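Participant: Below: sequence and its predicted model.
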Amino acid sequence: MKDKIINIATNLFLKLGFKSVTMDDIACEMCISKKTIYKYFGNKEELIFEGTATIQTHMEHTINLIVSKNFNAIVENFEIRKMFNEMFKSAGTSPLYQLKKHYPEIYTTIRNRQVKECKRCFTTNIEKGIAEGLYRSELNIPMVVKFYYELIFSINDQDASEAEISSMEYHALEYHIRALATPQGIIELEKNKLNTLL
C-alpha cells in the first residue's frame, strides 16, 4: 500500500504541482481515507520526500539501463534526454523549481543527490566519447562537467512550463556536445538532431 500511495501521489504532484495537491486529493484519487495515508506518512512533506526519492532512484536505474546498451556517447546523451522528456511530460512547471519555492529542504537534499549523480554520469559519458573519438582528448573533464550540470540546474530552477524547460534542455545538450565534439562527433550530432523531435 505504501508504494501505491507514493506512486499515485507522485503522479499527482508532477501533474498538478507539489503545493496544490492535498492529502484529501490523494485519498480521493485512491478511494481510501486520509487516515490510511497517515498510517504510512506523518505529513505531506514526508510523502513528497519519499516520492522525489523514488523518482530519483527510478531515473538513476533508467540511466544505468541506457548506458548498459552501449550506444556511442552522443546517442547515449540523446537517449537519456528522451527518458527525461517522457518522465516529466505531464508536469506543468519544473518539479525542481516547485520544490525550491515551496519545500526548500527537500529541494536541497534532492539537488545534492542529483549533483553527485550528474558528476558520475557526465564524467563517464565524456570519457567514453573521448575513447570513441567523438569528443576532443584535451578537455578539462571536471570543468566541463561542472559547466554542464550548472547549466542544466539553472534551466530547471526557472519558473517555466515543462515544454519550455524541455526545449531549453535540448538546446543546452546541443551546445554541450558542440563544445566537446571532434569533427567526427559533429557528424554524429547532426545525425542525431535529424532523428530527434523537440
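Facilitator: Looks like it arrived, so ask away.

Participant: So for the helix or strand bottoming out on mean pLDDT in the chain, what gets flagged as buried?
Facilitator: Sorted by mean pLDDT, DSSP states H and E, the helices and strands of the chain end with helix 95-102, the least confident at a mean of 85. Buried residues in helix 95-102, counted by 16 or more other CB atoms under 10 Å: 95-100. Where C-beta positions appear, they are placed from N, C-alpha and C, glycine not excepted.

Participant: What of stretch 3-15?
Facilitator: Taking 16+ other CB under 10 Å as the basis for neighbour counts, the residues of stretch 3-15 that come out buried are 5-6, 9-10, 12-14.

Participant: From the residues you listed, which land in helices?
Facilitator: When DSSP state H is applied, the buried residues of stretch 3-15 are split such that 5-6, 9-10, 12-14 fall in helices.

Participant: re the thing from before, check which helices and strands the helix or strand following the least confident helix or strand of the chain sits against.
Facilitator: For helix 95-102, the succeeding helix or strand toward the C-terminus, using DSSP states H and E, is helix 104-131. Helix 104-131 sits against helix 44-68, helix 73-88, helix 95-102, helix 141-156, with contacts defined as 3 or more CB pairs under 8 Å, 6 or more residues apart in numbering; DSSP states H and E.

Participant: still on that earlier bit, want to throw the ones in helices among the buried residues of stretch 3-15 into a markdown table with distance to Tyr135 and pLDDT?
Facilitator: Rendered in a markdown table, the data for those read as follows (distance: CB to CB, whole Å; pLDDT from 0 to 100):
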| residue | distance to Tyr135 | pLDDT |
| --- | --- | --- |
| Ile5 | 44 | 96 |
| Ile6 | 38 | 95 |
| Ala9 | 40 | 94 |
| Thr10 | 35 | 91 |
| Leu12 | 40 | 90 |
| Phe13 | 37 | 89 |
| Leu14 | 33 | 85 |
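
Participant: Show the contacting residues for the residue positioned nearest the centre of the chain.
Facilitator: In the chain, the C-alpha closest to the average C-alpha coordinate belongs to Phe84, at a distance of 5.3 Å (CA atoms, centre = their mean). The contact partners of Phe84, taken as CB atoms under 8 Å, 6 or more residues apart in numbering, are 59, 169.

Participant: Tell me which of the helices and strands packed on helix 104-131 lies nearest to Gly133.
Facilitator: Comparing the helices and strands packed on helix 104-131 against Gly133 with CB to CB, the closest turns out to be helix 73-88 (9.9 Å).

Participant: which of the residues in the closest one are buried?
Facilitator: Within helix 73-88, the residues that qualify as buried by neighbour count (16+ other CB under 10 Å) are 73-81, 83-85, 88.

Participant: Now render those residues as CSV, adding pLDDT and distance to Asp157.
Facilitator: Written out in CSV, the entries for these read as follows (pLDDT from 0 to 100; distance: CB to CB, whole Å):
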residue, pLDDT, distance to Asp157
Ala73, 98, 26
Ile74, 97, 26
Val75, 96, 28
Glu76, 96, 25
Asn77, 95, 21
Phe78, 93, 23
Glu79, 94, 24
Ile80, 92, 20
Arg81, 89, 18
Met83, 87, 21
Phe84, 82, 15
Asn85, 81, 18
Phe88, 75, 15
